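1. Predicted model follows, preceded by the sequence.
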Amino acid sequence: MNDVGGTLTIPNNWEMTRWSDWDFKAKGANGTIMYKLWLTPYQSVISKEAAAAFGAEYVDKLANEGGGNGTVEKTEVKTIGGRTTALSEISFKAKGGKGSEGMFIGAAFAGNGQMIHSRVISSKRNAKAARQALEQTLESFQLKEGPADTQGGAVTSEAGFGATLGDGWRLPLESERSDVIGIAAKMWKSDFGPESCWLAMQPPYIGEPDVMFACKQFWDGSPVDEHSFDAIETEWRDLFFGKAGAQLPPGEQIQVGDRLGALFRPRDGANPLRLLVAHYDGGLMAVWFRGATLDGPAADGVMTALASTVTFTGPDGGAPQIRPDRVYGYYLSHRPTHPIVWAPILVVIGVIGVLVRRKGSSNPYEDLDDE
């Protein structure tokens, strides 16, 4: 089973009914025990929470196979075959809830960049034998490569910025990266290479991951502070969201590392979207978040926590490089009483005054001929 990355051994009296690189089916005890092995993407940590999530997912899968009134009777985490394994026991009734009572016993453990699931379905009377048979397959399963080492904590981009990921967040494994990029690419056109971006995920137990990434965006802008924020926020909203930005709520001020930035909330509800923007010497750092398991308030918590850890690695801490005309325009538009604005005006007035005085003190007869 090449995609699984391991070798499965079934009891001697079982009969294989389906086999491929990614799944396997068999039946035993004269067809009264039905076995299946399958994969789900993304490697996650086995825990009590994972076992509960798998149990709920198995109830849904059972319903799709005709098992009604599915109820999770028990979930637990055990070491089987030297691997941490989540077990779920689910009672149900066949024929969509109208038939005889049965048991679904599921198991899950981490492979390399994926989760490996297996289950047995039997009558309730035969549940003990089914459980023993399942555990026998788990004990004898030979996994060529165990769970891959994962990297969380600090993330950086060669574009000149970095941050520290929160608990549960990590870089995608190589086998996961293409799927994560597929999600991120719906928000940003990039190959998400380290020269311009960093890319992270919070792996799910089931389904898609929460995804977060930061990339560089060109912006030849003005100083950003509490005086200019309203105008800058409008400019950024138009830059990132185009015409749709006019329909979105304004971004709010947020401290991003050592400087002021903006947090936008383009979508709440299912799959919330967030965008964190800050100015630095390379243009703009744009941090995008797309939730799958997290809701809007949780998304805000992730972005707020991340913002406080952001660092910029360029000269002078990545201080923005701003053209002089942009600096003067900032003061003229947002701080017109600042000395930078009125000092040049006073100088001009002073020069004019001097010229006027010189003109007034000149000889009134100097243009007459002296003949």
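-> Everything's here; your move. Worth saying up front: this structure is predicted, and the values here are computed from it rather than measured.

2. so how far is residue 128 from residue 301?
-> Distance of residue 301 to residue 128, given as Cβ to Cβ, to the nearest Å: 45 Å. In this view, the C-beta of every residue, glycine as well, is placed from N, C-alpha and C.

3. With residue 72 instead?
-> For residue 72, the distance to residue 128 equals 18 Å [Cβ to Cβ].

4. Quick check: which element contains the residue nearest the centre of the chain?
-> Taking Cα atoms, centre = their mean as the criterion, residue 211 is the residue nearest the geometric centre of the chain, at 1.8 Å. Under the criterion DSSP states H and E, the helix or strand holding residue 211 is strand 210-217.

5. Now do that strand: which elements does it pack against?
-> Secondary-structure packing of strand 210-217 (3 or more Cβ pairs under 8 Å, 6 or more residues apart in numbering; DSSP states H and E): strand 154-157, strand 161-164, helix 174-184, strand 197-202, strand 283-290, helix 296-307.

6. Show me which helix or strand of this structure is least confident by mean pLDDT.
-> The weakest-scoring helix or strand in the chain, judged by mean pLDDT, DSSP states H and E, is helix 339-360 (a mean of 61).

7. So, low pLDDT: which residues of the stretch 201-350 of the chain?
-> Across the stretch 201-350 of the chain, the ranges flagged by pLDDT under 70 are 338, 340-350.

8. Kindly recompute the last result at 80.
-> Along the stretch 201-350 of the chain, segments meeting pLDDT under 80 span 336-350.

9. Now do the contacts for residue 85.
-> Listed by Cβ atoms under 8 Å, 6 or more residues apart in numbering, the contact set of residue 85 reads 46, 77-79, 107-109, 138.

10. ok, of those, which come out buried?
-> For those, a neighbour count by 16 or more other Cβ atoms under 10 Å gives the buried set as 46, 107-109, 138.

11. which one among those residues gets closest to residue 336?
-> Ranking the buried ones among the contacts of residue 85 by separation from residue 336, with Cβ to Cβ as the measure, puts residue 46 on top at 62.0 Å.

12. So that closest one versus residue 54, what's the distance?
-> Here the criterion is Cβ to Cβ. By it, residue 46 lies 9 Å from residue 54.

13. Give the partner strands of the strand ranked longest in the chain in its sheet and their orientations.
-> Looking across the chain with DSSP state E, the single longest strand is strand 68-80. Here strand 68-80 has these sheet partners by DSSP bridges: strand 83-93 (antiparallel).

14. what separates the strand it pairs with from the chain centre, distance-wise?
-> With Cα atoms, centre = their mean, to the nearest Å as the basis, strand 83-93 stands 29 Å off its chain's centre.

15. Please work out the average pLDDT along that strand.
-> Mean per-residue pLDDT for strand 83-93: 97.

16. okay, it in CSV with CA atoms only?
-> Only the C-alpha atoms of strand 83-93 are listed here, as CSV (Å, rounded to 0.1, in the frame of the first residue of the first chain):
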residue,chain,number,x,y,z
ARG,A,83,1.8,4.0,18.2
THR,A,84,-0.5,6.4,19.9
THR,A,85,-3.9,5.5,18.6
ALA,A,86,-7.4,7.0,18.9
LEU,A,87,-10.2,4.5,19.3
SER,A,88,-14.0,5.1,18.9
GLU,A,89,-16.9,2.7,19.6
ILE,A,90,-20.2,3.6,18.0
SER,A,91,-23.5,1.8,18.4
PHE,A,92,-26.0,2.0,15.5
LYS,A,93,-29.0,0.3,13.9
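
17. So which bits of whichever helix or strand comes after it are buried?
-> Past strand 83-93, heading to the C-terminal end, the next element that is a helix or strand (DSSP H and E) is helix 94-97. Neighbour counts over helix 94-97 (16+ other Cβ under 10 Å) mark residue 94 as buried.

18. which outside residues touch helix 94-97?
-> The contact list for helix 94-97 (Cβ under 8 Å, 6+ apart) reads 66-69, 100-102.

19. now those residues as TSV including pLDDT?
-> Formatted as TSV, these follow (pLDDT from 0 to 100):
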residue	pLDDT
66	92
67	93
68	93
69	94
100	93
101	95
102	96
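
20. correct me, but residue 209 touches residue 292?
-> Yes. Under the criterion of Cβ atoms under 8 Å, residue 209 lies in contact with residue 292, with a separation of 6.0 Å.

21. Comparing these two, which residue is more hemmed in?
-> Here residue 209 and residue 292 are set side by side on neighbour count (other Cβ atoms under 10 Å), and the busier one is residue 209, at 24 against 16.
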